[in-house]
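A.B. asks: Predicted model and sequence below, questions to follow.
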Amino acid sequence: MAMSSAQTTRFSILDRSRVRDGQSHPEALRETVEFGRLAEEWGYHRFWVSEHHSVPGVAGSAPTVLAAAIAAVTDRIRVGTGGVMLPNHQPLIVAEQFGTLEALFPGRIDMGLGRSVGFTDGVRRALGHGKDDAEDFDAQLTEVLEYLARGRNGVHAWPAEGLRVPAYLLATGSGAQRAAEFGLPLVIAAVAGEDAMVEAIDNYRKAFRVTEWGSAPYVIVSTSVVIADTVEEAHRLLLPEAWSAAYSRTRGEFPALISPDRIEREPMTDRQRGIFEDSLREHIHGPESVVIPELDRLIAHTGADEILVHTSTFDRTARLESHRRLAAAVWAGASAPAPA
């Protein structure tokens with residue numbers, strides 16, 4: 001029997017260290033480290049963590065520190081960031097941090113970079129930035145790559161210089177063009193809809209320039225996947241993240257995840273209800289018999305080289321079981337795809 005596209009595609013995980021109602025931020029971080037260990041056991045290719053600042057519902061604020069903790073309890077899985085927000089940092093410091101990680105865990109570190117700045121004016125001020133700082137992203141990216149390769153203007157990012165730390169660019173829309181110009185792998189999600197994502201991917205492949213950082217286009221599509229025994233059960237697991245999206249976009253703050261039972265009692269404005277319903281449509285969910293064909297369709301539509309799964313649920317056990325079942329389903333009867 002021929003294998004599906006999902007069974008011949010790399011699968012990886014992005015974890016944002018989401019905080020649940022009644023849980024502390026330290027507890028959420030420790031869960032992320034354990035999740036990374038399990039991801040390796042289940043056969044995932046990469047495990048990435050993210051950067052958020054002053055967010056009640058997200059504990060991950062120092063991604064390189066968290067990546068180090070995960071790399072220390074694993075042996076084979078690639079570990080990295082999805083991503084470090086470059087406008088928040090000096091390029092030299094970023095190069096030094098990733099060089100240190102690569103020196104300690106050779107051949108397993110990924111440098112995923114993004115261009116977002118703080119979520120609110122207060123956070124941006126605390127970081128010493130304004131909204132326009134992201135406009136300098138090309139110059140910052142160039143600096144980081146130069147420090148990793150050979151140093152810059154007589155300044156050396158020891159121990160990074162000369163170490164091969166692969167860079168990945170998180171982008172949407174026109175950002176995909178930037179990944180093509182720098183010759184970097186592209187990490188993209190359907191933020192503006194799947195058709196817009198596919199158009200951005202097509203443009204990226206057409207415009208890709210071979211550089212010392214990449215010899216061919218490479219596309220990682222990020223999506224949310226939940227596997228449960230029924231579509232209805234999987235749908236219910238998605239309610240907390242959808243509610244969080246609606247709350248954050250109307251209140252300006254990402255809250256801790258709350259239970260589906262509580263969400264059903266929460267009043268919503270018409271705008272919040274619209275965001276809530278839209279968010280629920282963005283996820284692939286159901287039993288394996290539904291999820292695998294949908295993943296096959298997504299891979300065929302985008303030509304993805306890799307799928308980066310990001311999933312948040314209030315039920316911790318159900319989320320881990322979903323990722324375990326996904327790994328078992330996509331690699332059923334076959335070995336996990338060979339490492340890059």
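C.D. replies: Cool, the structure landed.
A.B. asks: which parts of the lowest-mean-pLDDT helix or strand in the chain are buried?
C.D. replies: Every helix and strand in the chain was compared by mean pLDDT, DSSP states H and E; the lowest is helix 121-126, with a mean of 74. Judged by neighbour count using 16 or more other Cβ atoms under 10 Å, the buried positions of helix 121-126 are 123-124. (Each C-beta comes from the backbone N, C-alpha and C, glycine too.)
A.B. asks: And the strands in this protein?
C.D. replies: Applying DSSP state E to the chain gives strands spanning 10-15, 46-49, 78-81, 84-85, 109-114, 167-170, 186-189, 219-227, 283-286, 306-309.
A.B. asks: can you tell me which of those comes nearest to residue 211?
C.D. replies: strand 167-170 (10.5 Å; Cβ to Cβ).
A.B. asks: Pull the residues that contact that closest one.
C.D. replies: 80, 82-83, 110-115, 141, 144-145, 148, 175, 178-179, 182, 184-188, 213, 220 (Cβ atoms under 8 Å, 6 or more residues apart in numbering).
A.B. asks: Please repeat the previous calculation with a cut-off of 7 Å.
C.D. replies: For strand 167-170, contacts defined as Cβ atoms under 7 Å, 6 or more residues apart in numbering pick out 82-83, 110-114, 145, 178-179, 182, 184-187, 213.
A.B. asks: Which elements pack onto the longest helix seen in the chain?
C.D. replies: Of all segments of type helix in the chain, defined using DSSP state H, the longest is helix 231-251. Helices and strands touching helix 231-251, by 3 or more Cβ pairs under 7 Å, 6 or more residues apart in numbering; DSSP states H and E, are strand 219-227, helix 260-263, helix 270-280, strand 283-286.
A.B. asks: For the longest one, buried residues please.
C.D. replies: Neighbour-count burial for helix 270-280, counted by 16+ other Cβ under 10 Å, picks out 272, 275-276, 279-280.
A.B. asks: Could you identify the most distant pair in these?
C.D. replies: Using Cβ to Cβ, these span at most 12.7 Å, a distance reached by 272 and 280.
A.B. asks: one step back: among the contacts of strand 167-170, find the one with the greatest number of neighbours, please.
C.D. replies: Across the contacts of strand 167-170, neighbour numbers were computed from other Cβ atoms under 10 Å; residue 187 holds the maximum, 29 neighbours.
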